[in-house]
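Visitor: predicted structure and sequence below. I'll ask about it afterward.
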Amino acid sequence: MSVKRTIGYVGPDPRKKVYHRPYGRLVGGTAIGIMRIGSSCVIYLPGNVSNASTYDFPVRYVFTEGTTQDNIHRGDPSVLPNLIATARQLESEGCRAIFASCGYFGHFQREVSEAVDVPVFLSSVMQLPFAFAGLSPKKKIGILCGDGANLNDHLFQACGVSKELQDRCVITGMEGLPEFKKIIDDKGEMDAEALESEMIACAEDLLKKHPDIGALLLECTEMPPFAAAIQAATGLPVFDAITMIKYIHHVVEQKPYYGFM
């Protein structure tokens, strides 16, 4: 049975409408829900998915019990019930789109999206079909990720990326690099300048080896704070988790336009 609820922009005079709220919704105005890994000592710079100042709109974070970097990266099915419970909680609280704090949540994209009635986007990898549609068929996309071994066929398929498009991706994992490894090892410290240099070097190395790359995609949610620097160094379009969240936010929170004619 569908639940009667009010969705849409509330204008300058909120008295001119009848409103409906489903039972259990305790807050309003948080259209974007983000599932968080249960424990982490990572530094969340502005631009990180888990830093709320990244957005010019409210977001709702919920920690998912039992999740760690290890079991999320591996796509461990034992955490799926808790992921579904978190998604349903966010939906019940009024979120109209659900995201995640790590690109490897994408392993669970199909199951979580089937469990709720609002759209779910658990990995920046989901942008690949859209990005490829805008590029020449001769172009590739370079992907910087936090764990090369686990950015695998299962994740691509779960995120709706065909084998044909997957074969046009060039992937480099940063997990072995000294500064980035501190993130993987949950050290709770970061030399941002050194980390930026590592990311730029990886991107530039990809371009040297594959000059037919037409865009870059950053899988890891720790990478968007450095997207502008990567773009300045390479001159390429850069997709990441924040480009996806901001785009979908606009989709689920359309506002009327005002102006002159």
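Guide: Ah, there it is. Not measured: the values here are computed from a predicted model.
Visitor: can you name every helix or strand that the helix or strand of the chain with the lowest mean pLDDT contacts?
Guide: Among the helices and strands of the chain, helix 178-184 carries the lowest confidence by mean pLDDT, DSSP states H and E, at a mean of 87. Contacts defined by 3 or more C-beta pairs under 8 Å, 6 or more residues apart in numbering; DSSP states H and E place helix 178-184 against helix 192-209. (C-beta placed from N, C-alpha, C; glycine too.)
Visitor: any idea of the angle whichever helix or strand comes after the helix it packs on forms with helix 192-209?
Guide: Downstream of helix 192-209, the first helix or strand assigned by DSSP states H and E is strand 213-218. With axes from the mean of the first three to the mean of the last three C-alpha atoms, to 10 degrees defining the directions, strand 213-218 sits at 150 degrees from helix 192-209.
Visitor: use 564 as the first number from now on
Guide: Yes, from this point I'll number from 564; that puts the last item at strand 776-781.
Visitor: quick one: mean pLDDT for strand 776-781?
Guide: For strand 776-781, the mean per-residue pLDDT is 98.
Visitor: same check, this time on stretch 730-740
Guide: 96.
Visitor: ok, residues contacting it?
Guide: Stretch 730-740 is contacted from outside by 691, 695, 702-712, 714, 743-744, 747, 761-762, 765, 768-769, 772-773, 776, 783, using C-beta atoms under 8 Å, 6 or more residues apart in numbering.
Visitor: also stretch 790-810?
Guide: With contact meaning C-beta under 8 Å, 6+ apart, stretch 790-810 is reached by 595, 610, 612, 617-618, 662, 666, 684, 686-687, 689-690, 694, 705, 707, 759, 762-763, 766-767, 770, 776-781, 784, 786-787.
Visitor: same deal with stretch 756-769?
Guide: Taking C-beta under 8 Å, 6+ apart as the rule, stretch 756-769 contacts 705, 707, 733, 735, 737, 740-743, 776, 779, 786, 789, 792-793, 796-797.
Visitor: list the buried ones in it?
Guide: Within stretch 756-769, the residues that qualify as buried are 758-763, 765-766, 769, counting by 16 or more other C-beta atoms under 10 Å.
Visitor: for the protein, what spans make up the helices?
Guide: All helices of the chain, identified by DSSP state H, fall at 632-637, 643-655, 672-678, 691-696, 716-721, 726-729, 741-747, 755-772, 790-797, 804-815.
Visitor: any chance of those in CSV with distance to Arg623 as columns?
Guide: Formatted as CSV, these follow (distance: least, C-beta to C-beta, whole Å):
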stretch, distance to Arg623
helix 632-637, 19
helix 643-655, 6
helix 672-678, 16
helix 691-696, 25
helix 716-721, 24
helix 726-729, 32
helix 741-747, 24
helix 755-772, 27
helix 790-797, 24
helix 804-815, 12
